[in-house]
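>>> Predicted model follows, preceded by the sequence.
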Number of protein chains: 2
Amino acid sequence: MAFLQQRLSAILALLLICAAGNVAAAASDDPLPSWNEGRSKDAIIEFVHRVADESSPEFVPVEDRIATFDNDGTLWCEQPMYFQLAFALDRVKAMAPDHPEWKTQQPFKGVLEGDMKTVMAGGEKSLLQIIAVTHSGMTTDEFANIVSEWIGTAKHPKTGQRYQDMVYQPMLELLAYLRSNGFKTFIVSGGGIEFMRPWTAAVYGIPPEQVVGSSIKTEFQMRDGLPVIVRLPEVNFIDDKVGKPVGINQHIGRRPLLAGGNSDGDLQMLQYTTIPRNPDDATPRLGLIVHHTDAEREFSYDRKSSIGKLDKALDEAPMRGWIVIDMQKDWASIFPAGRD
Amino acid sequence: MAFLQQRLSAILALLLICAAGNVAAAASDDPLPSWNEGRSKDAIIEFVHRVADESSPEFVPVEDRIATFDNDGTLWCEQPMYFQLAFALDRVKAMAPDHPEWKTQQPFKGVLEGDMKTVMAGGEKSLLQIIAVTHSGMTTDEFANIVSEWIGTAKHPKTGQRYQDMVYQPMLELLAYLRSNGFKTFIVSGGGIEFMRPWTAAVYGIPPEQVVGSSIKTEFQMRDGLPVIVRLPEVNFIDDKVGKPVGINQHIGRRPLLAGGNSDGDLQMLQYTTIPRNPDDATPRLGLIVHHTDAEREFSYDRKSSIGKLDKALDEAPMRGWIVIDMQKDWASIFPAGRD
């Protein structure tokens, strides 16, 4: 009998410990600790409860909980230039020893001499030339290795931080919060799909198959008996503006419940996600716009910026009920681990 | 004390019931009951244990457990014609009242008169004309509704069964078995991506975002203030032969551990999945080929068939170690619910 009593006590003790743990967890359980209290945070939490609480009259089945996010300027920084462009410029420098002709050939000469004014004067044609030589001509596996090596080492010119550390802590928390409420999180970016995939799982918790982006054409080949996919210098798909809903439809095949962006490049994704299709369409949908208002901790830009221009979408936000996130006011911290 | 004893007894009883349940489940726990004992079934189960058992020296993390399957002839029947072609022909008939000119215009005249010989004599051009008028010109939502209505009602000419019921029971079990072992299952089909997505979740347990297929171009539009995606009469991507590894890379972004097909259209997907890239590449990979050998319960065809031609992949199978599934010998039943 003493033995049984002992066992029972142990079981009861275990139950009490578990219960205490739950209470403690609940007390400190802020899913978005880097978000200041206010309208943006309230709107997000209220939305998640509306669609994910089983007792909610607007409950949405887990398989329909799709959230799509732009990357540049929404999940990570995009100033003073898109990080993928910084990658391309670094690649030109790394490849230069094999291309002596670049010493006299624009736009490569400009890149090698740090003369970005001349490079930019060449306009889109110059940029496409740079992208073509740095992004094609290798296999997809080779390109993934090049990207992985760069993302693990290259540093941002202003902060000295690695680019992959210049992601927004509040957005990391939002992604995790959505996933813990049954959402499947996707990236839908104008950036290159194969530039993002090597690191999005480690950095954002988003696996390769949930990354949608711009792409160049590729080709299957057998090389010396080994199957490879080769990257060709030809545009396949531009996942920006009107391309974003097309990319969402192509890759995901369903309409998101939530979309987050930061520029006019995300306008159509926000429209596609949130505009009710008919008067009976009462499913809650949420549109989020990250507004770069913090010149001190990050960058401040919107309507007149050449990168991440936010103009039409900012005008349309009040009418559509999109939440405009004020980085300065809404975010207690910007980058992870107290870096700002 | 009597109270405590009572509670303890209840807890112990509960534990015993749970344990008994587990034993009972284990005894009857054949994950592939429609597969006859033999080399194919053994190879599948052995492979799954090698990659999914934590104690296995070849254990593969769950995020890398990707399995891709062809659809036509691999997951469902493809005779006497691809089911999507049957859909297109049914659509021509349904749309005919709005197209009086088709009464005299080939290939539509042939379709309406049941004169498939004349339709087929028109070759690829005729088929593309039929696909264009039946698959484009509407929004993606409208097309999904058309497909859903058809798949729920249309019947196979030989069996009188609904097309969506002519899926292979052993393959349904294989999909479920893989998923219960942490695999993410994808369709990688030459068929239309938007023809499959409306029903793959219900029929195969595969959600829209895990369906890869051929596609036509689409365009985002705002129509009367409502966002729509419109299907255009122009080919975007052919997910067949060399297109399959390209489609896998585009949509999934990683190499599968397992691929299943049934024709030479799957050859490159099988190569891409299973051929080791270097001598150190010791990750187990499995290639499966469904061989249609059962004229009585289904259809018998391979090297000389115009649909689902299996020739080169059959020759290559022994060298690559691909498992050739003999439908007649390996499958105890073919269609679900004792229909064969």
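Right, received. Where do you want to start?
>>> Would you mind measuring from A:Glu209 to chain B?
A:Glu209 sits at a distance of 5 Å from chain B (criterion: C-beta to the nearest C-beta, to the nearest Å). Quick note: C-beta positions are derived from backbone N, CA and C, even for glycine.
>>> Same question for A:Ile325.
Distance, A:Ile325 to chain B, by C-beta to the nearest C-beta: 22 Å.
>>> Can you tell me the element that residue falls in?
Counting by DSSP states H and E, the element that carries A:Ile325 is strand A:323-326.
>>> After that strand, which helix or strand is next?
Using DSSP H and E, the helix or strand that follows strand A:323-326 in sequence is helix A:327-330.
>>> for that following helix, what is the average pLDDT?
Over the span of helix A:327-330, the pLDDT mean works out to 98.
>>> which SS class is A:Ser214?
Secondary structure assignment for A:Ser214 (DSSP: H, G, I helix; E, B strand; the rest coil): strand.
>>> right, and it touches A:Met196 too?
No. With contact defined as C-beta atoms under 8 Å, A:Ser214 and A:Met196 do not form a contacting pair (9.9 Å).
>>> picking up where we left off before, just checking: what are the partner strands of the strand holding A:Ile325?
strand A:286-293 (parallel) (DSSP bridges).
>>> What is the distance between the partner strand and the centre of its chain?
Taking C-alpha atoms, centre = their mean, to the nearest Å, one finds the center of strand A:286-293 at 13 Å from the center of the full chain.
>>> Quickly list what's touching both of A:Ser214 and A:Met196.
Between them, A:Ser214 and A:Met196 share the neighbouring residues A:Ser189, with contact defined by C-beta atoms under 8 Å, 6 or more residues apart in numbering or on different chains.
>>> okay, the two: which has more neighbours?
Regarding A:Ser214 and A:Met196, a neighbour count based on other C-beta atoms under 10 Å in any protein chain shown identifies A:Met196 as having more, with 26 against 21.
>>> With adjacent residues omitted, what lies nearest to that one?
A:Val211 (5.1 Å; C-beta to C-beta, 6 or more residues apart in numbering or on different chains).
>>> and the closest residue to chain B within the stretch 51-200 of chain A, what does it touch?
Minimum separation of the stretch 51-200 of chain A from chain B (C-beta to the nearest C-beta) falls at A:Arg197, amounting to 4.7 Å. When contacts are counted by C-beta under 8 Å, 6+ apart, A:Arg197 touches A:Ala144, A:Pro208, A:Val211, B:Gly253.
>>> Would you state the helices of chain A in chain order?
Shown for chain A, the helices assigned by DSSP state H span residues A:2-27, A:39-52, A:83-95, A:108-112, A:116-121, A:123-135, A:140-153, A:169-180, A:193-204, A:243-251, A:267-274, A:312-320, A:327-330.
>>> Quick one: mean pLDDT for the longest one?
Per-residue pLDDT values over helix A:2-27 give a mean of 47.
>>> re the thing from before, what does the strand holding A:Ile325 rub up against?
Outside strand A:323-326, the residues within contact range by C-beta under 8 Å, 6+ apart are A:39-40, A:43-44, A:286-291, A:293, A:314, A:317, A:331.
>>> For ChimeraX, write a command that selects the buried ones of those residues.
Paste this into ChimeraX to select the buried members of the contacts of strand A:323-326, with burial taken from 16 or more other C-beta atoms under 10 Å in any protein chain shown:
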select /A:40,43,44,286,287,288,289,290,291,293,314,317,331
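>>> From the contacts of strand A:323-326, pick the one nearest B:Gln161.
A:Leu286 (42.9 Å; C-beta to C-beta).
>>> Pretty sure the closest one sits against A:Leu257.
Yes. Applying C-beta under 8 Å as the test, A:Leu286 and A:Leu257 come out as touching, 7.0 Å apart.
>>> Return the residues in contact with A:Ile307.
Taking C-beta under 8 Å, 6+ apart as the criterion, A:Ile307 is in contact with A:Gly73, A:Glu78, A:Gln79, A:Pro80, A:Met81, A:Tyr82, A:Tyr301.
>>> likewise A:Gly38?
Taking C-beta under 8 Å, 6+ apart as the criterion, A:Gly38 is in contact with A:Lys329, A:Asp330.
>>> can you do 6 Å?
Under the criterion of C-beta atoms under 6 Å, 6 or more residues apart in numbering or on different chains, the contact list for A:Gly38 reads A:Asp330.
>>> And A:Val188, by the same measure?
With C-beta under 6 Å, 6+ apart, A:Val188 has these contacts: A:Thr68, A:Val212, A:Lys244, A:Gly247, A:Ile248.
>>> Pull up the gap between the first one and A:Asp311, please.
Relative to A:Asp311, A:Thr68 is positioned 21 Å away (C-beta to C-beta, to the nearest Å).
>>> From B:Leu257, how far off is the residue nearest to A:Trp331 when sequence neighbours are not counted?
Once flanking residues are discounted, A:Trp331 sits nearest to A:Pro170: 4.8 Å by C-beta to C-beta, 6+ apart. In this view, A:Pro170 and B:Leu257 are 36 Å apart by C-beta to C-beta.
>>> which residues of chain A score low on pLDDT?
A:1-28, A:338-340 (pLDDT under 70).
>>> Show me which residues of it sit near chain B.
A:4, A:8, A:140, A:197, A:208-209, A:218, A:220, A:227, A:229, A:242, A:245-246, A:249, A:252-254, A:268, A:271-272, A:275 (C-beta under 6 Å from any C-beta of the partner chain).
>>> Provide a ChimeraX selection command restricted to the buried entries of these.
Here is the ChimeraX command that picks out the buried ones among the residues of chain A next to chain B, judged by 16+ other C-beta under 10 Å:
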select /A:140,197,208,209,218,220,227,229,242,245,246,249,252,253,254,268,271,272
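>>> give the contact list for A:His295.
One correction, residue A:295 is Ala, not His. Counting by C-beta under 6 Å, 6+ apart, A:Ala295 touches no other residue.
>>> Tell me which residues touch the spatially closest residue to A:Leu178 that is not a sequence neighbour, please.
Of all residues beyond its chain neighbours, the one nearest A:Leu178 is A:Ala67 (5.1 Å), with distances taken as C-beta to C-beta, 6+ apart. Contact analysis of A:Ala67 by C-beta under 6 Å, 6+ apart lists A:Leu178, A:Phe183, A:Thr185, A:Pro256, A:Leu258.
>>> So in terms of bridging, what pairs with A:Ala67?
A:Thr185, A:Leu258.
>>> Against B:Asn249, how distant is the residue nearest to the residue of the stretch 51-200 of chain A closest to chain B when sequence neighbours are not counted?
If the residues on either side of it in the chain are set aside, A:Arg197 comes closest to A:Pro208, at 4.2 Å by C-beta to C-beta, 6+ apart. Distance check for A:Pro208 against B:Asn249: by C-beta to C-beta, it reads 10 Å.
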